[in-house]
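[1] make a model of this:
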Amino acid sequence: MKKNDPAVFHKLYGIKKSRIAYHGRDFLDYLLMIALSALVVGLSYGFGHVMSIVGIALCALMLATFIVRHGVEFRAPVILRRPQDVLYMFIYKLQNLKLVWFIALGLLLLENFLIAVTPNLPHHVDLMRTIALWLFYTHFISVTIFRTAILIDHLAKKELVREVLMQTPWKGIVNAKTNITLEILHAYVTGLLAHIVLIAPWYLVITYASFSVIFLPVALLINVIVYVKWLKAINSWFYRDHWLGHNSELEFIYLHGMHHDAIPSALIAVGENGFLEGFTRHTIGSPVPFNNPCVSFLIYTYEVTNDVRTHQYIPGVFPRLSRQYIEIAHHSTHHFGKLEPYSFALNVDQPDVSESLKKSMRRLPYALASSIKLDEELTGYQWDNPTRRQTLILYDKYQK
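    Take a look at the predicted model:
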């Protein structure tokens with residue numbers, strides 16, 4: 001098999017239908033997606049749990065904002081017109097699994113087996129679960145505080161938000177009559193709900209798996225090694241999964257679409273994903289929830305806060321993303337209405353980038369630090385394009 005073969009990365013069993021936005025005719029599908037999201041939250045945390053109460057309330061808000069922003073049109077849902085696409089979706093996820101996912105899951109099962117066959121050893125399973133839950137809530141609360149601080153600054157500078165977006169492809173949605181406060185709050189709710197759903201698999205692992213104090217040093221070391229391996233594989237995994245999220249209509253509507261339905265702001269971000277997409281990616285994709293909770297806490301906190309910061313494509317608003325980073329990161333182009341790039345879209349090898357930033361980015365595996373090369377190879381993506389140039393102009397204008 002040829003390396004980076006488009007026939008592999010762009011394989012579809014169903015019908016290709018590229019999507020970048022929701023429409024009013026998606027209402028019934030969106031309603032079913034929100035109902036499934038609420039069900040996943042309730043089953044994961046327990047329907048009486050505070051995370052479920054908040055999550056289900058946010059689901060109701062998302063449905064209301066869809067009606068206000070897109071209206072309501074009725075057509076047969078795609079999930080009923082093409083139910084086979086649900087099967088295809090799971091086949092795609094399984095085919096895209098990397099070896100590190102199996103290793104991480106196997107190590108978790110091995111630790112639980114060893115705990116079960118050595119009940120007389122002082123594993124202190126209950127203590128480990130208590131620590132894990134504290135870490136879980138510390139992660140969620142701290143990121144939510146960060147996201148809320150971002151919300152406050154967006155609301156305080158809402159006319160700046162409007163002014164910037166009206167100079168981008170978002171001008172078709174955001175104009176002088178748009179309720180920009182609603183758009184900002186919609187972005188905040190999108191990110192908050194996506195966060196609750198994304199960490200649900202981690203909560204399930206904490207709740208149902210066991211962790212031992214005795215095995216802790218070895219587990220931590222192995223988890224770090226596995227994560228380093230994952231960083232080398234993550235870009236090709238993400239490209240394939242992300243491509244499907246835009247070219248399979250069912251995957252766009254039910255998994256990825258809400259990530260593009262909100263304004264391109266730090267408020268929306270959690271892990272490059274929508275609601276149910278976060279749950280599927282972190283059960284059938286990412287090995288992170290299977291780690292020892294101490295490692296999962298560090299990784300999730302870093303990855304989510306980093307994703308939040310690097311999705312701030314509205315210059316002049318907190319958290320400010322440096323123009324230097326915009327020089328090397330091409331994901332903003334994707335959020336300004338283009339399908340490509342599908343990868344993490346980093347290109348550290350550019351002449352105008354400072355050596356200190358290059359040195360920092362080169363600590364990442366080459367496949368990740370130069371991830372845009374996968375798009376260039378598979379789609380012919382041109383990093384110097386009009387959308388990107390306009391983004392840089394906005395940063396020059398508003399981010400002093």
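[2] who's in contact with the residue nearest to His330 when sequence neighbours are not counted?
    Among residues not flanking His330 along the chain, Ala345 sits closest, at 3.8 Å (CB to CB, 6 or more residues apart in numbering). C-beta here means a position set from N, CA and C on the backbone, and glycine is covered the same way. By CB atoms under 8 Å, 6 or more residues apart in numbering, the residues touching Ala345 are 329-331, 333-334, 371-372, 375.
[3] quick one: which of the residues you listed is the most crowded by neighbours?
    Comparing the contacts of Ala345 by number of neighbours (other CB atoms under 10 Å), Ser371 comes first, having 27 neighbours.
[4] quick one: that residue and Lys232 touch, right?
    No: with contacts counted by CB atoms under 8 Å, Ser371 stays clear of Lys232, the gap being 11.3 Å.
[5] the helix or strand bottoming out on mean pLDDT in the chain: which residues count as buried?
    Least confident helix or strand, the chain: helix 355-361 with a mean of 73, by mean pLDDT, DSSP states H and E. Within helix 355-361, the residues scored as buried using 16 or more other CB atoms under 10 Å are 357, 361.
[6] that one: what's the following helix or strand?
    helix 366-369 (DSSP states H and E).
[7] now Ile67: how far from Arg81?
    22 Å (CB to CB, to the nearest Å).
[8] also Leu63?
    Per CB to CB, Leu63 is found 21 Å from Arg81.
[9] neighbour count winner among those two?
    Of the pair Leu63 and Arg81, Leu63 is the one with more neighbours under other CB under 10 Å, namely 17 against 12.
[10] report the contact partners of that one.
    Counted by CB under 8 Å, 6+ apart, Leu63 has contacts 30-31, 34.
[11] ChimeraX command to pick out the buried ones of those?
    Remark: buried members of these, expressed as a ChimeraX selection using 16+ other CB under 10 Å:
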select :30,34
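[12] can you redo the contacts of Leu63 as CSV with distance to Asp126?
    Shown next, in CSV, are those (distance: CB to CB, whole Å):
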residue, distance to Asp126
Tyr30, 42
Leu31, 41
Ile34, 36
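[13] which ones among the contacts of Leu63 lie within helices?
    If you go by DSSP state H, those have 30-31, 34 in helices.
[14] thinking again about what came up before, just the contacts of Leu63 now: which is nearest Leu244?
    Taking CB to CB as the measure, Tyr30 is the one of those closest to Leu244, at 18.7 Å.
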